[in-house]
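**Q** my questions are about this predicted structure, shown below with the sequence.
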Amino acid sequence: MAPSDEKNRNHPSSKKSSNFLPAVIIFLIFVGIGGFLFYFQSGSDLSISTPPDPSPKTDSSSSEKSDSSARTDTKDSPPADPINIPGNSESDATVNEQTPEPVTEQNELAIDPTPAPEAAATRQDPLSAPSPDGSREKKGLACKKNTAEIDRFYQHLDQQPYMTNYQLSTSSKVHFTALIQKLLANPPQVTRETDDLYTILKNTAHFFRISGKDNIQMLKGILDSERGRVEDILGAYYSLITSSDCSDTPYVSAIDQNALYEYACFFLNTMGGRLYLFRRDSLSRMVVTYYAISLINRANEENNNRYGIDLKPAVDLLLLEMERGGSSLKKQDYYLDTLYKLKEKYQ
């Protein structure tokens, strides 16, 4: 046996000791790294599971900034791997369940949005509450609209060449307003007209006697030239007269409602009034008759039909005339609907 082999056989422990030392050092390194990782993981879990301070005051500006920055970062960054999304972990779900929602002033208001009865009564303005048939503002606008329509009609008359032939000393508005007041101050005789011939003749020439020859000729000229406007003007006048909210307008403030009732009875129930209507064109006759019926119906509703005029014959005659020759009327359908309702009412 060689001397070298004998030497190695006599000292085998030295090789084993040299292999054992590196293994121990590697084991200690792994243990240290594992302990460090375990400590770091446990610290992060403790920081996540710690609930936030349930303080009623929250910094809204900081939360909004963080939310906006988070949204910006999310938009700019590429989509993450769905396996590694933090929101899918069980720890995040546990944190969301345990974290109480901070109670803010807005949340308190959202819980009970109904104001107290005293506060609601204080804020509500009784004058601004709408009425069942429409607000006061709408009624005021209707009065202004009808008044403006009549004003435009009088301005239109002042600009017409045929009106220069009548040589009015004032504007049409002033002249006809004064003429209407004169007619209302001298109503015709409605009752016992046929007792004598003189009363019949007086009623037949009523407008000629009160208005005068010049005004009668001017009225005839206006009816012939402005036939398409008569319906609108009569409707505007009737709306102003019958609306209590328009009682202070210039065209209504001095109107005698009793005198209007007298003229309505004159056109429907006297020989002189009916003869006057039959001397006019059919359109003017139908519209005047319709508003005369409406005025007497209004008197019935107010228990003020003191002459006891029966509307059934007048309604039937006007219905027949409008159905046969009322196609030129702008509001034919409206007139017919109203007349059919009155026919059912007075049958």
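**A** Okay, I see it. Residues are numbered from 1 along each chain as shown.
**Q** OK, contacts around Ser282?
**A** Ser282 is in contact with Glu321, Gly325, counting by CB atoms under 8 Å, 6 or more residues apart in numbering. Every C-beta, even on glycine, is put in place using the N, C-alpha and C of the backbone.
**Q** touching, Asp214 and Asn165? I think so.
**A** No - taking CB atoms under 8 Å as the definition, Asp214 is not a contact partner of Asn165, at 10.4 Å.
**Q** with adjacent residues omitted, what lies nearest to Asn186?
**A** Nearest residue to Asn186 in three dimensions, chain neighbours excluded: Ile210, at 5.1 Å (CB to CB, 6 or more residues apart in numbering).
**Q** any idea how far Ser327 is from the one you found?
**A** Distance, Ile210 to Ser327, using CB to CB, to the nearest Å: 34 Å.
**Q** of the two, who's got more company?
**A** Neighbour count, other CB atoms under 10 Å: between Ile210 and Ser327, Ile210 has more, with 17 against 8.
**Q** so Gly272 sits against Thr204, correct?
**A** Yes - checked against CB under 8 Å, the pair Gly272 and Thr204 is within contact range at 4.2 Å.
**Q** in the chain, which helix or strand is least confident?
**A** One helix or strand of the chain scores below all others by mean pLDDT, DSSP states H and E: helix 117-123, with a mean of 37.
**Q** check which element follows that one along the chain.
**A** Downstream of helix 117-123, the next assigned helix or strand under DSSP states H and E is helix 136-158.
**Q** list the helices and strands that next one packs on?
**A** If you count contacts as 3 or more CB pairs under 8 Å, 6 or more residues apart in numbering; DSSP states H and E, helix 136-158 packs onto helix 172-185, helix 227-242.
**Q** contacts for that helix, please.
**A** 163, 171-173, 176, 222, 226, 229, 232-233, 236-237, 239-240, 243, 245-246, 249-251.
**Q** stretch 301-320 too?
**A** Residues outside stretch 301-320 that contact it (CB under 8 Å, 6+ apart) are 190-191, 261, 265, 268-269, 286, 289-290, 292-293, 296-297, 299-300, 336, 339-340, 342-343, 346-347.
**Q** figure out which of the helices and strands packed on helix 136-158 is closest to Lys331.
**A** Nearest of those to Lys331, taken as CB to CB: helix 227-242 at 7.0 Å.
**Q** enumerate the positions of the closest one that are buried.
**A** Residues of helix 227-242 classed as buried: Arg229, Val230, Glu231, Asp232, Ile233, Gly235, Ala236, Tyr237, Tyr238, Ser239, Leu240, Ile241 (neighbour count, 16 or more other CB atoms under 10 Å).
**Q** tell me how far the first one lies from Glu149.
**A** Arg229 sits 10 Å away from Glu149, going by CB to CB.
**Q** repeat for the third one
**A** Separation of Glu231 from Glu149 (CB to CB): 12 Å.
**Q** whichever of the contacts of stretch 301-320 end up buried, select them in ChimeraX.
**A** One line in ChimeraX is enough to select the buried ones among those; burial here means 16+ other CB under 10 Å:
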select :190,261,265,268,269,286,289,290,292,293,296,297,299,336,339,342,346
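**Q** go through the contacts of stretch 301-320 and flag which are in strands.
**A** Per DSSP state E, strands hold no members of the contacts of stretch 301-320.
**Q** so which of the contacts of stretch 301-320 are in helices?
**A** Cross-referencing the contacts of stretch 301-320 against helices under DSSP state H gives 261, 265, 268-269, 286, 289-290, 292-293, 296-297, 299-300, 336, 339-340, 342-343.
**Q** dihedrals phi and psi, the residue nearest to Asn186?
**A** Main-chain torsions, Ile210, degrees, to the nearest 10: phi -80, psi -40.
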